[in-house]
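Chemist: After the sequence you'll find the predicted model.
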Amino acid sequence: MRVTQCVYPNFAFILAKFPEAISLNNGKALTKTECYHYIHCIFSNGVICLLIKAIEAHHDPRQLAFCSNFHKVIIKRRAEAKNNMVDFEEILAKALRQDKLTKEEIVRLLKTREKDRVNSLFRTAGELRARYFADKVFIYGFLYISTYCRNNCRFCFYRSENENSLRYRKTEEEVIEAAVGLAGPGIHLVDLTMGEDPYYFCGNEGFEMLARLVERVKETVELPVMVSPGVVPERVLERLAAAGADWYACYQETHNLSLFKKLRPGQNYEARLHTKRLAHKFGLLTEEGVLAGVGESPEDMAESIIVMDSLKADQVRAMNFVPRKGTPMERDITDDPLREMVCIAVMRLTLPDRLIPASLDVAGLSGLEKRLAAGANVVTSLVPPDRGLAGVAQSYLDIDENKRSIASVLSVLANCGLRAASKNDYTTWMSRRQKAISEAGC
């Protein structure tokens, strides 16, 4: 057995137990660790040949049969893996041709975790981004104007029952001052986000205050404005559009109805979805979004991407779930750091002409490069320091350190071979998109 022992120190011991491994599962089969060692030994064709020769020298037909059969299985699995790789590359080629991917193909891509395939997926996403947007990236400022909310979403730090969350409601003047400080060179849009704050959700008077705030921000900073107020009545969407809002963002987080009910107890799935259809009616561009790592399956995520396409969402977002203190999901484990990046890449392959954000709200500035590498073409959640403003998924991450700043983002873009688009680039894209939505009758 000297020839096999030189391959792995414990090989003689493992080899001696092969007969037990093939003897009717009598409880003495190889342990998981022993099987692990064995697989690593035989995964080389050269090693398996040495092993067969060693067994032949000991004239044990049971060992020889076991080893030879296992070798055949390994060869078969290698052939299957090669075929799978061919299929995977064919899906990427199909995406590059911009042929519509099936749900099964989207699921296949979403399951990608092998390093080489992930790199191929990201490379394809980058090619498609460059086809539509060259090396240009859009950058959004973010103002969380009120952290009060009447809802009790299980995942959200600002859920109504969470006594640990930071609560504030910025005055109109505070919002204007922060918007002016934020809207410097390189910023393409100001995002006004809030929970479904009862202060505003108190009838026509409250919504009118929100509309006037949008008007003042738009007039003052002379930039496009996104509003993220939650689910609002149709008349309010019309009023916000008239006030100068350009975008309406409202995230479903999942398009699996049972999971939606779990994440957003007491909320109406169809009503939330319908507001995004109504927003297009009034000329507002829409952003739809999902959370990754909240109990969804790859099939659920694929369905979300398909629904986003059916909604004609103009910007589509995927963000990893971040457990927050004081929520029912604070102990939920999110152990797949690649999940968000793979989702971004698959969105780029299926919706190549849409805006896809890389949010600073999950992993901060340090996570931006990975999200851009996956195919994102928008950087969101730049928050000015010293204004008492919070983030959503991460309330304080990188804010006081001024890392959620235009200078910090531009530095990362340069490292990625990308650059900030001009204001004209952004408004031109918006105009074309609004025209396409109008002509499609959405």
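Modeler: Arrived safely, thanks for sending.

Chemist: Count the neighbours of Val362 for me.
Modeler: 22 (other C-beta atoms under 10 Å). Every C-beta, even on glycine, is put in place using the N, C-alpha and C of the backbone.

Chemist: scratch that, Asp425
Modeler: A total of 16 residues lie near Asp425 under the criterion other C-beta under 10 Å.

Chemist: ok, now how distant is the closest residue to it other than its chain neighbours from Ser405?
Modeler: Distances taken as C-beta to C-beta, 6 or more residues apart in numbering place Lys136 nearest to Asp425, at 5.7 Å, with adjacent residues excluded. Between Lys136 and Ser405 the computed distance is 19 Å (C-beta to C-beta, to the nearest Å).

Chemist: Also Asp309?
Modeler: 34 Å.

Chemist: And for Val290?
Modeler: Look at Val290 and Ser405: by C-beta to C-beta, they are 27 Å apart.

Chemist: what's the answer for Tyr426, then?
Modeler: Taking C-beta to C-beta, one finds Tyr426 at 19 Å from Ser405.

Chemist: on that earlier part again, for beta bridges, what are the partners of the residue nearest to Asp425?
Modeler: According to DSSP bridges, the partner residues bridging Lys136 are Arg419.

Chemist: same check, this time on the one 10 residues further on
Modeler: On the basis of DSSP bridges, Ser146 is bridged to Arg169, Met194.

Chemist: what number of residues lie near it?
Modeler: Ser146 sits with 22 neighbouring residues when counted by other C-beta under 10 Å.

Chemist: I'd assumed Arg169 was in contact with it.
Modeler: Yes. With contact defined as C-beta atoms under 8 Å, Ser146 reaches Arg169; the gap is 4.4 Å.

Chemist: Which neighbours do the two have in common?
Modeler: Common contact partners of Ser146 and Arg169 (C-beta atoms under 8 Å, 6 or more residues apart in numbering): Asp197, Tyr199.

Chemist: still on that earlier bit, the more surrounded of Asp309 and Ser405?
Modeler: The neighbour count for Asp309 versus Ser405, taken as other C-beta under 10 Å, is higher for Ser405 (21 against 16).

Chemist: what's the distance between the nearest residue to the more buried one once chain neighbours are set aside and Tyr426?
Modeler: Of all residues not flanking Ser405 in the chain, Leu382 sits nearest, at 6.5 Å (C-beta to C-beta, 6+ apart). Distance, Leu382 to Tyr426, using C-beta to C-beta: 15 Å.

Chemist: Between the two, which is the more surrounded one?
Modeler: Leu382 (25 against 22).

Chemist: all helices of the stretch 101-250 of the chain, in order?
Modeler: Along the stretch 101-250 of the chain, counting by DSSP state H, counting those that start in this stretch, helices occupy 103-110, 115-133, 172-182, 204-221, 234-242.

Chemist: Using TSV, lay out those helices together with mean pLDDT, distance to Ile91 and mean neighbour count.
Modeler: Listed next are the helices of the stretch 101-250 of the chain as TSV, based on pLDDT from 0 to 100; distance: least, C-beta to C-beta, whole Å; neighbours: other C-beta atoms under 10 Å:
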stretch	mean pLDDT	distance to Ile91	mean neighbour count
helix 103-110	96	5	19
helix 115-133	97	9	17
helix 172-182	96	41	17
helix 204-221	96	42	17
helix 234-242	97	38	18
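
Chemist: Quick one: closest of those to Leu418.
Modeler: The closest of the helices of the stretch 101-250 of the chain to Leu418 is helix 115-133. By C-beta to C-beta, the value is 9.2 Å.

Chemist: Which residues does that closest one contact?
Modeler: 85, 88-89, 92, 95-96, 109, 112, 338, 341-342, 344-346, 348-349, 352-353, 373-377, 421.

Chemist: I'd like to know which of the residues you listed are buried.
Modeler: Listed as buried from the contacts of helix 115-133 are 88, 92, 95, 109, 112, 338, 341-342, 344-346, 348-349, 352-353, 373-377, 421; burial here means 16 or more other C-beta atoms under 10 Å.

Chemist: ranges for the strands of the stretch 251-400 of the chain?
Modeler: Counting by DSSP state E, counting those that start in this stretch, the stretch 251-400 of the chain has strands at residues 285-292, 315-320, 357-359, 378-382.

Chemist: Just put those strands in TSV and tack on mean pLDDT and distance to Thr102.
Modeler: Shown next, in TSV, are the strands of the stretch 251-400 of the chain (pLDDT from 0 to 100; distance: least, C-beta to C-beta, whole Å):
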stretch	mean pLDDT	distance to Thr102
strand 285-292	98	19
strand 315-320	98	19
strand 357-359	98	26
strand 378-382	97	27
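
Chemist: Just send those back as CSV, with distance to Leu413 too.
Modeler: Converted to CSV, the strands of the stretch 251-400 of the chain look like this (distance: least, C-beta to C-beta, whole Å):
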stretch, distance to Leu413
strand 285-292, 21
strand 315-320, 18
strand 357-359, 10
strand 378-382, 8
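
Chemist: Of these, which is nearest Ala249?
Modeler: strand 285-292 (3.9 Å).

Chemist: which other residues reach the closest one?
Modeler: 155, 226, 246-255, 263, 276, 279-280, 296, 301, 304, 307-308, 311-321, 339-340, 343, 355, 430, 433-434, 437.

Chemist: residues contacting Gly141?
Modeler: Per C-beta under 8 Å, 6+ apart, neighbours of Gly141: Ala179, Leu182, Ala183, Ile187, Leu189, Val190, Asp191, Leu382, Val383, Pro384.

Chemist: Pick out the most distant pair among these.
Modeler: Pairwise distances across the contacts of Gly141 peak at 14.7 Å for Leu189 and Pro384 (criterion: C-beta to C-beta).

Chemist: Run a quick neighbour tally on Ser297.
Modeler: Neighbour tally, Ser297, other C-beta under 10 Å: 12.

Chemist: Skip the chain neighbours and tell me the closest residue to it.
Modeler: Leaving aside its chain neighbours, Ser297 sits nearest to Asn256 (8.0 Å; criterion: C-beta to C-beta, 6+ apart).

Chemist: Was I right to think that neighbour contacts Glu296?
Modeler: Yes. Asn256 lies in contact with Glu296 (C-beta under 8 Å); the separation is 6.3 Å.

Chemist: shared neighbours of those two, anything?
Modeler: Between them, Asn256 and Glu296 share no contacting residue under C-beta under 8 Å, 6+ apart.
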